[in-house]
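Q: sequence and predicted structure below; questions after.
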Amino acid sequence: MIDLILPFRLWGASRRFYFAGFGLLVSALALAAPLARAATLPELWLERQKSVVAVEYVTETEADRRPTVTMGTVIDSIGTIILPSNAIDPRAATWQLKDFKVYAPGDVNGTPADYLGQDAYTGWHFVRVNESLRARLVPVTAFAPAGSGKAPALADFVWGIGLRTKDEDFAPYIMQSHLALIQSLPQRTGISQQEVAAPGLPVFDRDGAFVGLAASSFGQSYLQFAPGNRGAPVLLINVEESSAFILADEVLPYLQRIPKQVSGRPLAWLGAYGLEPMDRDVAKFLKLSSQSGAVVSEVLEGSPAEVAGLKARDIILAIDGKPLPQLKPDRVVVTYIEREVDRRAPGDSLTVSVLRGSERLELNVKLGDEPKLMREADRKYFDRIGFTAREFVYGDAVERRVKAGAQPGVIVHFVKASSPIAIAGLRQEDWIREIDGVEVHTFTEASAKLAEIERDEARAEVVLLVSRGGDTAVLRVKLK
């Protein structure tokens, strides 16, 4: 009110002052107008919840159909959705993942969707919902400032979205907090004072701008007291809500990494195994206190790393001339190296700078194609015997510390409860080397032999030579 009457008081003294005052008044009103129109948090909330969904799917195993519900964020106008890396069991074959459905917040009935695969670099799983739901969804990119993501500052107000369970029709609810810490893990990650969103769902600032994507929740340590117990440490993890979120500038540039195949291939492969962060005392002794490094435990047989000349106990210091960043905790540097490989493609070259003894070497590595993964391995279920046999792949040789190549036998992927083979003592991940005294060299050979036994209803038993943890045992499986 004072601003409104001030020009009239100045009128008699000087018209010049009046018009100057009037100009200031107009400017002030012009500035105030957008503020008056700024959306409130409830208004922002109503619009931004359109970028989140619940995703339900079924993993079809030998024994049952296991439903799973996870949360996802919409990233484009054609219904593409990203799910967090832990949304799907890495042991499950893609053909076991069925009946994907997407639910908008508050939905009772889901809309069918297709699984597109997982991106190795980001870890995200991609799903695309049918066209019938797309008009009700808004991609999170609609709430991102032009260019890269908006970076929040410490103590900034942040808020996000959670979804209730299917029994509650995935009703959305709001969480809010303040940014307490920003840390590179190795992606730049914001950590708020308390939970701010469900894992995989977006986080916004006070103005509704997209500032990050909630990561898996960090565990929090508590002391549990009981009679006679002075306080035992307990680690609690909230799987439904998270206080950590990957900043938007680490999210937005990679939303188009939609897999070309449901398997996620092509997958780049280096073959340096068991990387460990360089010990601080070792770094100090080598005069590398200002340098981060990773020690190679093993170089895999036939890998690009072996071809390039990398050796066990080499210390990786740089990739393509760029020193490894100093990250805390120290182990994060291993993830950094893995991501540097994953963001490339088979056939790409990179220079790895290593310290070997007192000598610094530059090794040129041409990345290969990742050998067949366990989730891609052939497998077959034998109901009468009671287990699923899985193809022996490169990763099995690495785990069992044997030479890669023509390894005989198959791996036990699943054991049916109370089946003949379970009673005989066979366990998941056992390595079957021989069947009825005959060494089986390939999955095809083992499958044919097991299928023959399965069909022979007169057969009373089968004898298996099994390797487990470096020990070998003979199991007699009674079929009758």
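A: Cool, got the structure.

Q: just the C-alpha atoms of stretch 425-440, please, in CSV.
A: The C-alpha trace of stretch 425-440 is given here as CSV (Å, rounded to 0.1, in the frame of the first residue of the first chain):
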residue,chain,number,x,y,z
GLY,A,425,22.2,-83.9,-1.6
LEU,A,426,22.7,-82.0,-4.9
ARG,A,427,22.8,-78.2,-4.4
GLN,A,428,22.4,-75.1,-6.5
GLU,A,429,25.7,-74.2,-8.3
ASP,A,430,27.1,-77.7,-8.0
TRP,A,431,29.2,-78.7,-11.0
ILE,A,432,28.2,-82.0,-12.6
ARG,A,433,31.3,-83.6,-14.3
GLU,A,434,30.2,-87.1,-15.0
ILE,A,435,26.8,-88.9,-15.5
ASP,A,436,26.8,-92.7,-14.8
GLY,A,437,30.6,-92.7,-15.0
VAL,A,438,30.8,-91.0,-18.4
GLU,A,439,32.4,-87.5,-18.6
VAL,A,440,30.0,-85.0,-20.3
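
Q: hmm, who's touching that stretch?
A: 387, 389, 392, 396, 400, 408-415, 446, 449-450, 453, 462-468, 472, 475, 477 (CB atoms under 8 Å, 6 or more residues apart in numbering). C-beta coordinates here come from the backbone N, C-alpha and C atoms, glycine included.

Q: ok, Asp119 touching Phe126?
A: Yes - Asp119 is within contact range of Phe126, at 7.0 Å (criterion: CB atoms under 8 Å).

Q: overlap of the contact sets of these two?
A: Ile258, Pro259.

Q: show me the contacts for the nearest residue to Glu370 once chain neighbours are set aside.
A: In space, and not counting its chain neighbours, Glu370 is closest to Leu267: 3.7 Å by CB to CB, 6 or more residues apart in numbering. By CB under 8 Å, 6+ apart, the residues touching Leu267 are Ala120, Asp342, Pro346, Asp369, Glu370, Leu373.

Q: so where is the stretch 101-250 of the chain shaky, pLDDT-wise?
A: The stretch 101-250 of the chain contains residues with pLDDT under 70 at 147-150, 218-222, 228-230, 235-237.

Q: pull out the CA atoms of stretch 84-103 and give them to me as PDB.
A: In PDB, the C-alpha atoms belonging to stretch 84-103 read as follows (Å, rounded to 0.1, in the frame of the first residue of the first chain):
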ATOM      1  CA  PRO A  84      16.800 -49.400 -11.100                       C
ATOM      2  CA  SER A  85      19.500 -52.000 -11.600                       C
ATOM      3  CA  ASN A  86      18.400 -54.200  -8.700                       C
ATOM      4  CA  ALA A  87      14.800 -54.400 -10.000                       C
ATOM      5  CA  ILE A  88      15.500 -57.700 -11.700                       C
ATOM      6  CA  ASP A  89      17.400 -60.700 -10.500                       C
ATOM      7  CA  PRO A  90      20.600 -61.000 -12.500                       C
ATOM      8  CA  ARG A  91      20.400 -64.800 -12.500                       C
ATOM      9  CA  ALA A  92      17.100 -64.700 -14.300                       C
ATOM     10  CA  ALA A  93      17.200 -65.400 -18.000                       C
ATOM     11  CA  THR A  94      15.400 -62.700 -20.100                       C
ATOM     12  CA  TRP A  95      13.000 -65.400 -21.400                       C
ATOM     13  CA  GLN A  96      11.900 -66.000 -17.800                       C
ATOM     14  CA  LEU A  97      10.700 -62.400 -17.400                       C
ATOM     15  CA  LYS A  98       7.000 -62.300 -18.500                       C
ATOM     16  CA  ASP A  99       3.800 -60.400 -18.200                       C
ATOM     17  CA  PHE A 100       5.100 -56.900 -17.700                       C
ATOM     18  CA  LYS A 101       2.500 -54.400 -16.600                       C
ATOM     19  CA  VAL A 102       2.700 -50.700 -15.900                       C
ATOM     20  CA  TYR A 103       0.500 -48.900 -13.400                       C
END
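
Q: returning to what we had before: can you tell me which of the contacts of Leu267 are in helices?
A: Asp342 (DSSP state H).

Q: quick check: PyMOL command selecting the buried ones in the contacts of Leu267.
A: Remark: buried members of these, expressed as a PyMOL selection using 16 or more other CB atoms under 10 Å:
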select buried, resi 120+342+370+373
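
Q: now the contacts of Leu267 in CSV, with distance to Ser77?
A: Output for the contacts of Leu267, formatted as CSV (distance: CB to CB, whole Å):
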residue, distance to Ser77
Ala120, 26
Asp342, 27
Pro346, 31
Asp369, 33
Glu370, 32
Leu373, 32
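
Q: all strands in the stretch 351-480 of the chain, in order from the N-terminus.
A: Secondary structure of the stretch 351-480 of the chain, counting by DSSP state E, counting those that start in this stretch: strands at 359-366, 368-369, 379-382, 387-391, 410-415, 431-435, 438-439, 461-468, 471-478.

Q: the fourth one vs strand 471-478, what angle?
A: Between the direction of strand 387-391 and that of strand 471-478, the angle (axes from the mean of the first three to the mean of the last three CA atoms, to 10 degrees) works out to 140 degrees.

Q: return the list of strands paired to strand 387-391, each annotated with direction.
A: strand 379-382 (antiparallel), strand 410-415 (antiparallel) (DSSP bridges).

Q: what helix or strand is Val69 on?
A: According to DSSP states H and E, Val69 maps onto strand 65-74.
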